[in-house]
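Undergrad: heads up, no residue letters with this:
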C-alpha cells in the first residue's frame with residue numbers, strides 16, 4: 001500500500017525567527033522549550049506501519065502522528081508537548097523514537113492522513129473506508145471547531161483587554177481635560193491678579209502725584225504767609 005504524502009506549503013526563514021501571534025511561532029517556541037527539532041519545514045510522509053500498529057483513534061487521542069522525514073528517519077510529530085503526551089508516545093512507540101514539533105494545522109492534516117492510512121491498510125478497503133469515513137471527518141471537524149473555540153476565547157479575552165485599556169485611556173483623557181481646565185482657571189486668576197496689581201500701582205502713583213502737588217502748594221502758601229509776617 002502506498003504511503004499517504006503530506007507536504008508543508010509554508011515558506012520558512014533560515015533563522016526560524018519567532019514572531020508573536022501565529023501558530024508557527026508557537027510551534028517553534030515549543031520546540032525550543034522542549035529542545036525538540038522543528039520539522040514542519042520539510043516534506044512529511046505518514047509512516048503507515050507505525051500508524052497501523054497504534055491505530056487512528058489512539059493517535060488522535062494522544063495527538064501525535066508517526067511521519068517519515070526527508071532524511072528517511074521516522075519521527076513522531078506533535079504540536080503541543082506535555083509530559084503526559086511524551087510519555088504516551090514513548091509507550092506506543094519505541095522508547096528511543098525521535099519526536100518533532102509541527103504546527104497545529106499540520107498535525108490536524110497528518111492525523112487525518114494517518115486515520116485514512118490505517119483504514120486503507122485493512123483487507124476490505126472499500127467497505128472499511130466507507131464505514132470509517134464519517135468518523136475521520138467527524139474528528140477533523142471536531143478539531144477544527146475546537147480550534148475555532150480556542151481562537152474565539154482568545155479574541156474575547158483580547159476584546160476584554162482592549163475594552164479595559166479603552167476605559168483607562170478614556171479616564172486619562174478626562175483627567176487631562178480636567179487638568180487643562182484647572183490650568184486655564186489658574187492662568188485666568190493670575191491674569192486678573194496681575195491686572196489688580198497694575199491698577200493698585202496706578203492708583204498709588206496717582207495718589208503720590210497728588211500728595212506731591214499738595215505739598216508743593218502748601219510750601220508755596222507757607223512761604224507767602226511767612227513773607228507777609230516779615231513785612
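TA: Perfect, I can see it now. Here the structure is a predicted model, which is why all the values come from computation and not from measurement.

Undergrad: what about the strands in the protein?
TA: Read by DSSP state E, the chain holds these strands, from start to end of the chain: 5-6, 44-46, 64-68, 74-78, 98-101.

Undergrad: Rebuild those strands as CSV, extending it with mean neighbour count.
TA: Heads up, the C-betas are built off the backbone N, CA and C, glycines and all. Formatted as CSV, the entries for the strands of the chain read as follows, by neighbours: other C-beta atoms under 10 Å:
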stretch, mean neighbour count
strand 5-6, 15
strand 44-46, 24
strand 64-68, 26
strand 74-78, 23
strand 98-101, 20
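
Undergrad: In the chain, what helix or strand scores lowest on average pLDDT?
TA: strand 5-6 (a mean of 42; mean pLDDT, DSSP states H and E).

Undergrad: Could you report the pLDDT at residue 101?
TA: Reading off the per-residue confidence, residue 101 sits at a pLDDT of 94.

Undergrad: Wait, it touches residue 34, no?
TA: Yes: Residue 101 is in contact with residue 34 according to C-beta atoms under 8 Å; the separation is 7.5 Å.

Undergrad: tell me the contacts of residue 72?
TA: Listed by C-beta atoms under 8 Å, 6 or more residues apart in numbering, residue 72 has no contact partners.

Undergrad: Which phi and psi values does it adopt?
TA: Backbone geometry at residue 72, expressed as degrees, to the nearest 10, gives phi 90, psi -10.

Undergrad: where does residue 215 sit relative to residue 157, distance-wise?
TA: Distance, residue 215 to residue 157, using C-beta to C-beta, to the nearest Å: 86 Å.

Undergrad: Revised request: answer the last question for residue 168.
TA: Remark: distance between residue 168 and residue 157 (C-beta to C-beta) = 17 Å.

Undergrad: what about the longest helix in this structure?
TA: helix 125-230 (DSSP state H).

Undergrad: tell me the domain boundaries of the protein?
TA: With automatic domain parsing as the criterion, the domains of the chain are listed as 5-121, 133-231.

Undergrad: coming back round to it: name the residues contacting each of residue 101 and residue 34.
TA: residue 81.

Undergrad: any idea which of the domains of the chain is most buried?
TA: Taking mean count of other C-beta atoms under 10 Å as the contact definition, the stretch among those with the greatest mean neighbour count is domain 5-121, which reaches a mean of 17.

Undergrad: Sweet, I'm off.
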